[in-house]
Structure formats: structure tokens, C-alpha cells
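> Based on what follows, work out the 3D shape:
(one chain, ligands or ions: 1)
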Amino acid sequence: MKLKLHWQIFIALLLGIIFAFLSRMMGFDNFVIEKISILGDIFLRGLRMIIVPLIVSSIISGVTGIGSAENFGRMSLKTFGYYITTSLLAILTGLILVNLIQPGIGAQLGLEKIPEGIEANVEKLGDTLLSIIPTNPLAAMVNGQILPTIFFSLLFGFFITRTPQPYKKQLTDLFQGVFEVMMRLTHFIILFTPVGVFALIAKIVAQTGIDVFIPLANYMLTVIGALSIHAFLTLPLLLYFIAGINPVAHIKAMSAALLTAFSTSSSSATLPLTIDCVENNAGASNKVSSFVLPLGATINMDGTALYECVAVVFIAQVAGYELSLVKQFIVVLTALLASIGAAGIPMAGLVMMTIILQAVGLPLHLVALILPVDRILDMMRTSVNVWSDSCGSVIIAKSEGEKGLKILIE
Ligand code: ASP
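A predicted model of the protein is given here:
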């Protein structure tokens, strides 16, 4: 009997951890990092290879499938409404928990030793928002700039629906066809997920010592606690009460994608699996998933938004910097914008955090405080990001009256 994909991935994850611990104990972890990580790189390259054509074909076929301008407007409103609401809920959860637990007060983190000059990466928020409009859409695709690629694909798909026949049908069929091919290619690459996950996890565990966790344990617990509340309470309640969806059935349906998000720390790289799980396991239509998911993987990042908020308040606590109510409000707003602007790649959230630090007047080099555990927390927040996208897609599918969902409450 063939083992289901999510079990294969789960076993690979455990084996990766065990393998890394054994290799650390026996002192050949450099060997592990070099040799095994090649397998992880091959897998990641495979996923990256399909991201741009998958996003373009999926969005264009999704938008043409939605049909009229009225339907498009309604779907966009629901999608963005869901993204903003859940991101804000996530941020508020983080804000409440970090103020209650106060992990930064009295933490001994050697603040004096932090070198200055890590701030090279500050991006201006205005520039990030403006760059959504590509000056050259093909260049954006070639360079893998996802947000501008999505923007152009949305417009292109929309105007196909406004184009007269026979071109409308020809183009709709063409992009539907390309999307079908891309989904088959995706299935092929997904076959390698267990091997890739094994290698990626082994590498991370072999590289990260446990000792870096100790001074930051309270901070990590705050982030993990808030992420758990959002993922296991808030989102399931929305699933249950708004859409009549069984959260346990949905998490099972999504498990292969969630485990991949955990191992790759990248919503974009996980997108092919997310689409596959939402359509084939949860039973949402391609029309909804191909519109909601590529957008979500790029701009809906609940985990990242929550993380940014907790991290900035933590840094302020460590530095003994008072965050007034107004400043906390600025943190909430900029955390939302930073999570929208963050790319779906590993540690993108850390780079965007500089925007928030700047907005509330904290020295940027203080991000170094949380650097040692960022990668590990990135795995968790990325899983929450993907989980929220998937919840959004099935809630919207249900609200559109879809009959094929396999995860409804009995
Ligand atoms: N790694 C996250 C993602 O791809 C982004 C982040 O760094 O928070 O979803």
C-alpha cells in the first residue's frame, strides 16, 4: 500500500531531525550540511522553477473563470476583506500576548555587544507599494518579482474577459491549457517533497545549536503561543462559524502543504502544494483557489504580521524603550503593511521589520537581538501564513455556493 504524501513528508521530517542530531553527536555535521543540503537545494530549485509560470497561468485562468466584472469585484472584495481581517486579528493576538508576558523585561541578552550597521536593508514602504506596478511586466516575471507579476496577471486576465470573440475564447483556452500543464508539472515535483524536506530539516537542525534558544526562550514561547492561538483557535472558529467547515478535516486536507511550509520557510515555494491540497483534498474549485492562493501566498501573511508585532515590542522591552499607545498603534499598522510587502521567501519578515523599527524610532541594528532564533520561528510563521491562505480559499469557496467541498461539518 502506498503511504499518503503527508505521512511521507512527516516521516521525512522526523528522520531529518534524528539524522541531524546523530550527525551532531558524532561530529560530522559539516559533512551533513554540505552533502545533504544539495538534495534540499534541488527540491527548492524545482519548486522555484514552476512558481512564475504557475502564478501567471493560475491567476489568468482564475480571473477568466470568474467571468464578469461584477463577479470579479465581489471575489476581490471578499478576498481582501479576509486577508486584512485575519492579519489584524493575528497582530492583535500578538500584541496582547507580548504585553501580558513581557518577555523582554529583564532579559539578559548582552545588548551592549550588538554591532551597529546592520541597517543596510531598510526599504522605504512607499517604494515597496509603488513597485507593485511593473514598468516592464516581462522583466518582473523574468526576475521573479511576484507582486508586480500578480498585478499584471490580474489585469491581463480581467481584460481577456472584456475582449471580443474569437480572441476571448482562444486566450481563455490557451491559459487554461498552460495552467493544466503547470499543475501536472507541479504534481511531478511534489513527488520529491519527502526527500527535499528531509534534507532541508537536517540542514537547519545541524546548523542551529540548542544553546541559542535559552536566553530567548520566553520570547520564542510568546511568538509560538500567539501563533498557536491564531492557528488553532481564531482561524478554526472562523472556518466553523462563517463557513460551516470542519477545521480538523481541513487541517488534515492541508497537511502536506503545511509540513512543506514548515520545512521550506517559504509561502511562495509551497504554493504549488497549497493549490494542490486545496483543490484535490479540500475540494475547492480551481476558479477560487487559483485566484485566492497566489495572491495570499504573497500578501496574506498572518504569521509574519503577528511575528513582526511581537518582535518589535520585545525589542523595545529589552532596550527599555517605552511604547506609548500611539506607538503601539503605529506598530499594528506598519506590521500589517510590512506583512503585505514581505515576499514569500525565508526570513523576508526580518528584513521588513526594519520598517516598523524605523516608524517607532527604535535603532535598526537591534534586529540582531532576535536573529539567532529567526530561522526557527520563520518555519512556524510560514506554516501559519499558508494555513490562513488555505482557510481563506475554502471560506470564500463556500460563500460562493460551491458544492464540491469535502471538509464540511457532517
Ligand atoms: N518566510 C515567510 C513566508 O514565506 C515570510 C517571512 O519571513 O515572514 O511566508
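
> Three-state assignment for whatever residue of the chain ends up closest to the ligand, please.
Relative to the ligand, the nearest point of the chain is residue 349 (2.7 Å; Cβ to the nearest ligand atom). Any C-beta I mention is one placed from the backbone N, CA and C, and that applies to glycine too. The three-state assignment at residue 349 reads helix, by DSSP: H, G, I helix; E, B strand; the rest coil.

> Just confirm it contacts residue 307, I think it does.
Yes: at 5.8 Å, residue 349 counts as touching residue 307 under the criterion of Cβ atoms under 8 Å.

> which of these two has more neighbours?
A direct count of neighbours by other Cβ atoms under 10 Å for residue 349 and residue 307 places residue 307 higher, at 33 against 28.

> quick one, what contacts the more buried one?
Going by Cβ atoms under 8 Å, 6 or more residues apart in numbering, residue 307 touches 94, 223, 227, 349, 377, 381.

> And it, how far from residue 374?
Using Cβ to Cβ, to the nearest Å, residue 307 is found at 9 Å from residue 374.

> Can you tell me the closest non-neighbouring residue to the residue of the chain closest to the ligand?
Once flanking residues are discounted, residue 349 sits nearest to residue 304: 4.3 Å by Cβ to Cβ, 6 or more residues apart in numbering.

> so where does that neighbour fall, helix or strand?
helix 302-318 (DSSP states H and E).

> Could you tell me the model confidence score at residue 326?
The per-residue pLDDT reported for residue 326 equals 88.

> mind listing what's buried in the helix or strand encompassing it?
Per DSSP H and E, residue 326 falls inside helix 325-341. With burial defined by 16 or more other Cβ atoms under 10 Å, the residues of helix 325-341 counted as buried are 327-328, 330-332, 334-341.

> so what does it touch, helix or strand wise?
helix 69-101, helix 125-130, helix 302-318, helix 348-360 (3 or more Cβ pairs under 8 Å, 6 or more residues apart in numbering; DSSP states H and E).

> Please work out which of the ones you listed is packed deepest.
helix 302-318 (a mean of 29; mean count of other Cβ atoms under 10 Å).

> Tell me, how many residues neighbour residue 403?
Counted with other Cβ under 10 Å, residue 403 comes out at 9.

> Now it, what are its backbone angles?
Per-residue torsions, residue 403: phi -100, psi -10 (degrees, to the nearest 10).

> Rounded mean pLDDT for the helix holding residue 304, please.
pLDDT averaged over helix 302-318 gives 94.

> tilt between that helix and helix 348-360?
If you take axes from the mean of the first three to the mean of the last three Cα atoms, to 10 degrees, helix 302-318 sits at 50 degrees to helix 348-360.

> Please put the alpha-carbon coordinates of helix 302-318 into PDB.
What follows is helix 302-318 as a C-alpha-only set of coordinates in PDB (Å, rounded to 0.1, in the frame of the first residue of the first chain):
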ATOM      1  CA  ASP A 302      -0.900  36.400   9.300                       C
ATOM      2  CA  GLY A 303       2.000  34.600  10.900                       C
ATOM      3  CA  THR A 304       4.500  37.200   9.700                       C
ATOM      4  CA  ALA A 305       2.300  40.100  10.700                       C
ATOM      5  CA  LEU A 306       1.900  38.700  14.200                       C
ATOM      6  CA  TYR A 307       5.600  37.900  14.400                       C
ATOM      7  CA  GLU A 308       6.600  41.500  13.400                       C
ATOM      8  CA  CYS A 309       4.500  42.900  16.100                       C
ATOM      9  CA  VAL A 310       5.700  40.600  18.900                       C
ATOM     10  CA  ALA A 311       9.300  41.100  17.800                       C
ATOM     11  CA  VAL A 312       9.200  44.900  17.800                       C
ATOM     12  CA  VAL A 313       7.500  45.100  21.100                       C
ATOM     13  CA  PHE A 314      10.000  42.600  22.500                       C
ATOM     14  CA  ILE A 315      13.000  44.600  21.200                       C
ATOM     15  CA  ALA A 316      11.500  47.800  22.700                       C
ATOM     16  CA  GLN A 317      11.100  46.000  26.100                       C
ATOM     17  CA  VAL A 318      14.700  44.800  26.000                       C
END
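
> Let me know the angle separating it from helix 325-341.
Using the same axes, to 10 degrees: helix 302-318 against helix 325-341 is 140 degrees.
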